[in-house]
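Undergrad: Sequence below, structure please.
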Amino acid sequence: VSVLNCCVWSGGSRIPMPAPPATPTQLFIGGVYCDGHGSAQDVVLSPATGDVLYHVAKAGREDVDKAVRAARAAFDSTTWGIDGPDGAARGAILRRMAAALKEQAADWAVLESLDNGKPLAEAKADMEACVEVLEYYAGLAEGLGPMEGEVVDTGDADLVGRLAREPVGVVAMVTPWNFPLFQAVAKVAPAVAAGCAMVLKPSPLAPMTTLRLGALAEDAGLPAGVLNIVAGGVDCGRLLVSHSDVDKVSFTGSLRGGREVMQACAAFPRPVALELGGKGALVVFADADVAAAVDWILCGIFLNGGQVCCATSRLLVHEAVADAVVAAVVDAAAKIKLGDPFAEGVNMGPLISTPQAGNVRKYLDIAKACGSCKVVLGATQPQAAGLNSERASGYVDPIIVTDVPADSPCWTEEIFGPFLCVQRFAAEEEAVAAVNASSYGLAHAVFTSDPACARRVARRVRAGTVWVNCTAAAPAPLPFGGVKGSGFGRELGPQGLDEYLQSKAVVEPRAAGHSWNWYA
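TA: Take a look at the predicted model:
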């Protein structure tokens, strides 16, 4: 574990950042932390400074196989799975996890911010959301009936039916780097509630809080082997999702990655849940509350530096208020302070890596070269210029581009950064058509003071989530997921639990010795 006193430049002076805390850097398999089969390691870098934070064990084929076998053994045992504890006992484990995380939230937030680069205040909010999800699924677990299922009227006086809801088995989980712990908890909590065993693989860019999740679960009494965590990159993920003893795959990541996961699962076949990218739209009608809309617009694209799958990165504004709305948004976004995630007053940190920032700058170059586009904020990147260095150049100022053509890559492609594209519209039909023209369908927003208009637009746009006069909210009791290129399956809500349960019909005669006497 590195104990460097990390610093970043800010306004010509160096601001001390917290030293990387001692935290697990090994794989978590069968209830214990262990080194990988070989000596390979991944280096985890600070997005803010480029300093080495940790060296993490890198899982190979033998390690992935060991983790899957541990999950299988746990699921097939009498301590978990179909023959294991009831929903109340599983819920109690989740409640203990929630309580411990809530007590230690400040420490977890520091680790998340160091690892991911997001401002500390955002990392603290992420920890609160994780606690909420754990507590929510604890409640759902406690409400689950016995594994034997409920009696169902078969319509046949001679036959009794039961409908059982059983855990799907061993689940392979792959999570991204933008909300590391939250993405992990959103999968692990419902899987534990359902009685599944799992192997979880976080992104190598920000794996630290996920690796620490193993200790949290162990301390809460989760049986050994139920949760296994392997670290590594794309090769590790491929080994995991294509393992022959996995019963289901839950993947959050890019559209390209989702396609590859589907191909791997088709070989068996086995079910898969995909939460992929997005190109969310936010529609502002002429009667909207402009002051409130402006703040929500900023939340929708600049939280976490825009590295959010459900970011509302396309802004559609009615022509009657477009000038006023855009001017207010530009004025507010220009006040966003970019810098050290731990510095007071900073509300946007670096992007996850130098390559990710370079990708955002590529789209800025596309906008500058476009004849009709107007870069109204972020063209010269003044704050980033004073923060980036040879070691770390992940800082990107907020970018706002107006008059973006509908066929521009800036308008159609997921940028995953603080990059807002703006168009005007004249009529509701035009706005709805523009929203639905995207190949993605994760989340959109509509701002209007007319409830009837809000209901119409919410009904007609194609997305898994529609926000009315707000953005970015993902309450634990509501399902989250997409349509079209944004994937299928749901996380959160009761539907998130359903992803880890499968139905089994059991039919038996009411009376012993009963037969149809078909061949008598």
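Undergrad: Below-threshold pLDDT in the chain: ranges please.
TA: Flagging of the chain using pLDDT under 70 yields the residue ranges 1-16.
Undergrad: Now the spatially most central residue of it: closest residue in space that isn't a chain neighbour?
TA: Nearest to the geometric centre of the chain sits Gln183, at 4.1 Å (Cα atoms, centre = their mean). Excluding the flanking residues, the one nearest Gln183 by Cβ to Cβ, 6 or more residues apart in numbering is Thr175, at 4.1 Å. C-beta coordinates here come from the backbone N, C-alpha and C atoms, glycine included.
Undergrad: Next: Arg460.
TA: The nearest residue in space to Arg460 (Cβ to Cβ, 6+ apart) is Val432, at 5.1 Å.
Undergrad: elements contacting the lengthiest helix in the chain?
TA: In the chain, assigned by DSSP state H, the helix with the most residues is helix 120-142. Applying 3 or more Cβ pairs under 8 Å, 6 or more residues apart in numbering; DSSP states H and E, we find helix 120-142 packed against helix 87-103, helix 105-116, helix 180-194, helix 493-498.
Undergrad: will you turn the ones you listed into TSV that also has distance to Glu142?
TA: As requested, these are exported to TSV (distance: least, Cβ to Cβ, whole Å):
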stretch	distance to Glu142
helix 87-103	4
helix 105-116	23
helix 180-194	9
helix 493-498	12
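Undergrad: quick one: which of those is nearest Cys130?
TA: Nearest to Cys130, of all the helices and strands packed on helix 120-142, is helix 180-194, at 4.5 Å by Cβ to Cβ.
Undergrad: quick revisit: is it true that the residue nearest to the centre of the chain touches Pro176?
TA: Yes - here Gln183 reaches Pro176: they are 6.1 Å apart, a contact under Cβ atoms under 8 Å.
Undergrad: Now list whatever residues contact both of the two.
TA: Thr252 (Cβ atoms under 8 Å, 6 or more residues apart in numbering).
Undergrad: Show me what counts as buried in stretch 111-123.
TA: Buried residues in stretch 111-123, counted by 16 or more other Cβ atoms under 10 Å: 111-120, 122-123.
Undergrad: ok, Gln104 - how many residues close by?
TA: 13 (other Cβ atoms under 10 Å).
Undergrad: Repeat that for Ala215.
TA: For Ala215, the neighbour count with other Cβ under 10 Å is 14.
Undergrad: same question, Ser389
TA: A count of nearby residues for Ser389, using other Cβ under 10 Å, gives 13.
Undergrad: now do Ala157
TA: The number of residues packed near Ala157 is 7, by other Cβ under 10 Å.
Undergrad: coming back round to it: looking at the buried residues of stretch 111-123, spot the one nearest Gly394.
TA: Gly117 (6.7 Å).
Undergrad: Report the contact partners of the closest one.
TA: Going by Cβ under 8 Å, 6+ apart, Gly117 touches 46-48, 305, 341, 349-352, 394.
Undergrad: now do 6 Å
TA: By Cβ atoms under 6 Å, 6 or more residues apart in numbering, the contact set of Gly117 is 47-48, 341, 349-350.
Undergrad: before we move on, what about Asn116?
TA: If you count contacts by Cβ under 6 Å, 6+ apart, Asn116 has them with Ala206.
Undergrad: Please tell me how far it sits from Ala123.
TA: 7 Å (Cβ to Cβ, to the nearest Å).
Undergrad: likewise Leu27?
TA: 24 Å.
Undergrad: end to end, how far does stretch 459-475 reach?
TA: End-to-end distance for stretch 459-475: 20 Å, by Cα to Cα, to the nearest Å.
Undergrad: And it, what's buried?
TA: Within stretch 459-475, the residues that count as buried by 16+ other Cβ under 10 Å are 461-467, 471-472, 474.
Undergrad: cool, and stretch 261-280?
TA: 261-262, 264-265, 270, 272-280.
Undergrad: How far away from the center of its chain is it?
TA: 15 Å (Cα atoms, centre = their mean, to the nearest Å).
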